[in-house]
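Undergrad: Here's a sequence, model it:
(chains A and B)
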Protein chains: 2
Amino acid sequence: MSDIPPILKGVFAAALTPLTADLAPDHGLMARHSRWLLNNGCDGLAVLGTTGEANSFSVDERIAIIENLVEAGIPAGVLMPGTGCCALSDSVALTRRAVELGVGGVLMLPPFYYKNVSDDGLFASYAEVIERVGDARLRIYLYHFPQMSATPISEALIARLRQSYPDTVVGMKDSSGDLDNMINMARAFPGFAVLSGWDDLLLPLLKAGGAGCITAVANVACSLAAEVYAGWQDGGADDAHQRLVSVRNVISQYPLSAALKEIMAHHTGDEAWRTVRPPLVKLDAAKAAALFDQLTATGYMLPEAA
Amino acid sequence: MSDIPPILKGVFAAALTPLTADLAPDHGLMARHSRWLLNNGCDGLAVLGTTGEANSFSVDERIAIIENLVEAGIPAGVLMPGTGCCALSDSVALTRRAVELGVGGVLMLPPFYYKNVSDDGLFASYAEVIERVGDARLRIYLYHFPQMSATPISEALIARLRQSYPDTVVGMKDSSGDLDNMINMARAFPGFAVLSGWDDLLLPLLKAGGAGCITAVANVACSLAAEVYAGWQDGGADDAHQRLVSVRNVISQYPLSAALKEIMAHHTGDEAWRTVRPPLVKLDAAKAAALFDQLTATGYMLPEAA
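TA: Next comes the predicted model:
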C-alpha cells in the first residue's frame, strides 16, 4: 500500500495541550501552536504524550484533538499521537481512529496501572492492539518511560514484537535518560528508529545511530533542536547542542508541562496558556519568576510568536 | 434527600471481573459470582477495583458492568464500584453514572499516571469530580494504594477533603498494608470509614475503630471474612482470623487476579473463569498446581458454588 507512512526521524515536540478556562482542550490554540512548531524547526509533533497531559483526557477528547488538528490543516503524516492507555479497549479505539486519520505513527505507552507485569503480558497487550486495529498503515513507536509508567520496555520484548510485527513496531521513544540503553536498542535492531526523550542526548544518540528526539523542551526550543539536527548532518552541531543543553537544564528543574505553559503564556501574551488539568498545577509566581530569570541568563530567544 | 446512602461497613469483596473468550466482560457470570458472594458473607461488592481489572476496561465497559449488575437484580446500594481514572473527564462520567444507578458509594483512585503530584493537584482532582457530578447522593471512599497507584493519599489531603466535602468524602480503602496508617486515619477523622485492603488486618483494624475490609481474597474466602466480622462483634473472632490469615498467606504469594480466577475456575468447573485481560496473564500449570496444594493444606473449603 502506498499510504504506509515512512519511518519517522528528526525533531519532534511532545506538544503541549492548551486548555480553555473550563479545562477543555483549546483546539484553536492547539492548531496555532502546532503550526508555529512546524514553522520553527519541528519535523513532527508527538501530540498527546506525557507533556501533552494525554492521560488526563478521555479517549473521545483525545480523538477530537487529533481530528481538529487534521481539520485545521496540520498534515496528518507529521503527527505521532500517544495512543497507549491502561485499557486495551481504549488503546484499540484511539489507535484505530488515529490510523484512519492518516497519522505518521503512534507513540504507545504500555498499560501502566499494574506493576511488575511480565513481558508475556506486555507482548499480549501490544499484540492485541495490533491485531484488533488490523491496519497495515499502523506504525508503532514504543514508549519507554519507566520513571512515569513504571513499566519498562525491555530489549527482549522489543525483539519479540519486531519478530512478530516487523513492519508495525518500527521505533521507540526512550525517556529513561539512559543513553546506553538508547544506543544499545539502535544497534540491536537495525532500521528501528530510536528517539531520545532528553534534548541533551539528541546529539550523542544521532552520532551513535539514533533517529532523533521527541522532547517536551522542543515546545519552546524547537529551533535550537532543529539546529542540532541540521548541524549533525553537516558535522557542526556542537555549539547548538551546548545552547540546547543550557535551556534544557533550566526547564527540567521545574514541572515540565506547567513550566512550558508558563513560557508559552509569557511568549504569546495569552494567559490562557497557563491552565493545566488536575492533578497538575500551575507554577506559582515565585517559581515562574525564577524560571524566567534562569532562562534569560541562557541568552536563548524563542522564535517569533505565531 | 432520603436516598443518600449510609456509610458502608463490613466485608466487601474486591470482586473479580469474569471474561468471555474475546476478553469482553461476561455479564452473566459476573452477576452469578456477585450473588454467590452476597449469599456467602459479603456485605457489599467493590466491583471494578484493582482485582477486578478495572483499569483494563474503557469507561463504557465499566458502566455496562455496573448497569448489568443492577439489571440482574444486585441491589445497587451494596455496590461500591471503582470510578477513579487518570482522566478527569473519565472519572466524572463514570462516577456520575454510578450515582445515577444508586450505588452505595464509589471507591476512587487518585489520577495515577503523573508521579510526585502535589496535594494541591490531588485536591483539585477530587474537587473537580465532586463539583462536576454535583449530586448529594455521591459517597466517595478514597483509595490509598501507593504500591500500585504510586500516588498516596496523605492525612493532610483527607483533612482538606473532609473539611470541604464532609458529607461526600466519607471513607477510605487502605491497601498499603500499613496498620498504623489505617488506625491513625480512623482516629484522626471520627465517622470516617476506614476499610482494610488486607484480610489479615481486618480484625486488628476493627478493634481499633475501623469499619471493615475490601479485599481480593474475599472473592474466595468471603465466608471466613464474614466469620471474623461477626465474631468481632461477639468478641470471639480469633480462630476465624487465624484461618483467614492462613488462606491469605497462600493466595498473596501469587498474582492476585490470576490466582483468584484460577480458584474460581476450579471451584465452579468453568474454565472460562481463567481468562484475564492483558497485561495480566493466567497462572501457568505449575503455579496453579502449587497454589492448590498450598490451599488444600490450609483445610479451607469454599462455600458451595452458585
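
Undergrad: give me the beta-bridge partners of residue A:144?
TA: Listed beta-bridge partners, residue A:144: residue A:174 (assigned using DSSP bridges).

Undergrad: For the stretch 201-306 of chain A, which residues are neighbours of chain B?
TA: Applying the criterion Cβ under 8 Å from any Cβ of the partner chain, the portion of the stretch 201-306 of chain A that neighbours chain B consists of A:277, A:278, A:279, A:280, A:281. (C-beta placed from N, C-alpha, C; glycine too.)

Undergrad: An error on my part: the question was meant for the stretch 1-150 of chain A.
TA: Counting by Cβ under 8 Å from any Cβ, the residues of the stretch 1-150 of chain A close to chain B are A:23, A:50, A:55-61, A:86-90, A:93, A:110-115, A:117-118, A:120-122, A:124-125, A:128, A:147-150.

Undergrad: which residues of chain A fall in helices?
TA: Secondary structure of chain A (DSSP state H): helices located at A:27-39, A:59-71, A:88-100, A:119-133, A:146-149, A:155-164, A:179-188, A:202-207, A:218-234, A:238-251, A:256-268, A:285-298.

Undergrad: ok, back up a step: mark which of the residues of the stretch 1-150 of chain A next to chain B are buried, thanks.
TA: Buried members of those, counted by 16 or more other Cβ atoms under 10 Å in any protein chain shown: A:23, A:50, A:55-61, A:86-90, A:93, A:110-114, A:117, A:120-122, A:124-125, A:128, A:148-150.

Undergrad: quick revisit: most neighbours among the residues of the stretch 201-306 of chain A next to chain B, please name it.
TA: Among these, the one with the most neighbours (other Cβ atoms under 10 Å in any protein chain shown) is residue A:279, at 26 neighbours.

Undergrad: which ones are touching residue A:177?
TA: The contact partners of residue A:177, taken as Cβ atoms under 8 Å, 6 or more residues apart in numbering or on different chains, are A:147, A:197, A:198, A:201.

Undergrad: could those residues go into a markdown table alongside pLDDT?
TA: Converted to a markdown table, the contacts of residue A:177 look like this (pLDDT from 0 to 100):
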| residue | pLDDT |
| --- | --- |
| A:147 | 93 |
| A:197 | 98 |
| A:198 | 98 |
| A:201 | 98 |
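
Undergrad: Filter those residues down to the buried ones and hand me the ChimeraX line.
TA: Here the buried members of the contacts of residue A:177 are turned into a ChimeraX selection, burial being counted by 16+ other Cβ under 10 Å:
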select /A:197,198,201
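
Undergrad: which stretch in the helices of chain A is the model least sure about?
TA: Ranked by mean pLDDT, the helices of chain A end with helix A:146-149 at the bottom, a mean of 93.

Undergrad: Mind exporting the C-alpha coordinates of that one to PDB?
TA: What follows is the C-alpha trace of helix A:146-149 in PDB, where atoms were taken according to Å, rounded to 0.1, in the frame of the first residue of the first chain:
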ATOM      1  CA  PRO A 146      10.000   3.800  33.400                       C
ATOM      2  CA  GLN A 147      10.100   6.800  35.700                       C
ATOM      3  CA  MET A 148       6.500   7.700  34.800                       C
ATOM      4  CA  SER A 149       4.900   4.400  33.600                       C
END
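
Undergrad: Touching that helix from outside, list them.
TA: When contacts are defined by Cβ under 8 Å, 6+ apart, helix A:146-149 is touched by residues A:50, A:109, A:110, A:112, A:143, A:152, A:175, A:176, A:177, B:113, B:114, B:115.

Undergrad: redo that, cut-off 6 Å
TA: A:50, A:109, A:112, A:152, A:176 (Cβ atoms under 6 Å, 6 or more residues apart in numbering or on different chains).

Undergrad: In strands, which of those fall?
TA: With strands identified by DSSP state E, none of the entries of those belong to them.

Undergrad: Save those residues as a markdown table, and put in pLDDT too.
TA: As requested, those are exported to a markdown table (pLDDT from 0 to 100):
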| residue | pLDDT |
| --- | --- |
| A:50 | 97 |
| A:109 | 97 |
| A:112 | 96 |
| A:152 | 96 |
| A:176 | 97 |
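
Undergrad: Identify, from the residues you listed, the entry nearest to residue B:15.
TA: Of all those, residue A:112 has the smallest distance to residue B:15: 22.9 Å, by Cβ to Cβ.

Undergrad: close enough to count as contact, the closest one and residue A:145?
TA: No - with contact taken as Cβ atoms under 6 Å, residue A:112 and residue A:145 are classed as non-touching, separated by 8.9 Å.

Undergrad: which residues touch residue A:101?
TA: Residues in contact with residue A:101 (Cβ under 6 Å, 6+ apart) are A:66, A:70, A:76.

Undergrad: rewinding a little: just flag the most distant two among the contacts of residue A:177.
TA: Taking Cβ to Cβ as the measure, the contacts of residue A:177 reach their widest spread between A:147 and A:201, a distance of 14.6 Å.

Undergrad: related to what we said a few turns ago, and which of the contacts of helix A:146-149 is nearest to chain B?
TA: For these, the closest approach to chain B (Cβ to the nearest Cβ) belongs to residue A:112, at 6.7 Å.

Undergrad: how close does the closest residue to that closest one other than its chain neighbours sit to residue B:74?
TA: Counting by Cβ to Cβ, 6 or more residues apart in numbering or on different chains, residue A:112 lies nearest to residue A:149, which is 4.1 Å off, once chain neighbours are set aside. For residue A:149, the distance to residue B:74 equals 35 Å [Cβ to Cβ, to the nearest Å].

Undergrad: likewise residue A:88?
TA: Distance, residue A:88 to residue B:74, by Cβ to Cβ: 25 Å.

Undergrad: before we move on, the earlier item: any idea which of the contacts of residue A:177 is closest to chain B?
TA: Among the contacts of residue A:177, and counting by Cβ to the nearest Cβ, the member closest to chain B is residue A:147, at 7.1 Å.

Undergrad: Contacts only, for residue A:95.
TA: Taking Cβ under 6 Å, 6+ apart, we find residue A:95 in contact with A:83, A:106, A:129, A:133.

Undergrad: mind giving me a markdown table with the residues you listed and columns for neighbour count and distance to residue B:226?
TA: A markdown table is the format used below for the contacts of residue A:95 (neighbours: other Cβ atoms under 10 Å in any protein chain shown; distance: Cβ to Cβ, whole Å):
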| residue | neighbour count | distance to residue B:226 |
| --- | --- | --- |
| A:83 | 32 | 44 |
| A:106 | 25 | 48 |
| A:129 | 27 | 41 |
| A:133 | 23 | 45 |
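
Undergrad: Considering these, which is situated nearest to residue B:265?
TA: For the contacts of residue A:95, with residue B:265 as the reference and Cβ to Cβ as the criterion, the closest is residue A:129, at 26.4 Å.

Undergrad: mind listing what that closest one touches?
TA: Contacts of residue A:129 were listed using Cβ under 6 Å, 6+ apart, and they are A:91, A:92, A:95.

Undergrad: which residue packs closest to it, ignoring adjacent ones?
TA: Taking Cβ to Cβ, 6+ apart as the measure, residue A:129 lies nearest to residue A:91, with 5.0 Å between them; neighbours along the chain are not counted.

Undergrad: Next one: the one you found relative to residue A:97, how far apart?
TA: For residue A:91, the distance to residue A:97 - Cβ to Cβ - is 11 Å.

Undergrad: buried residues in stretch A:60-71?
TA: Buried residues in stretch A:60-71, counting neighbours by 16+ other Cβ under 10 Å, are found at A:60, A:61, A:62, A:63, A:64, A:65, A:66, A:68, A:69, A:70.

Undergrad: How about stretch A:181-191?
TA: Using 16+ other Cβ under 10 Å as the burial criterion, the residues of stretch A:181-191 that qualify are A:181, A:182, A:183, A:185, A:186, A:189.

Undergrad: closest to chain B among the residues you listed?
TA: The shortest approach to chain B among the buried residues of stretch A:181-191 belongs to residue A:181, at 19.7 Å (Cβ to the nearest Cβ).

Undergrad: What's the local residue count around residue A:99?
TA: For residue A:99, the count of nearby residues is 21 (other Cβ under 10 Å).

Undergrad: Distance of it relative to residue A:81?
TA: Using Cβ to Cβ, we find residue A:99 at a distance of 10 Å from residue A:81.
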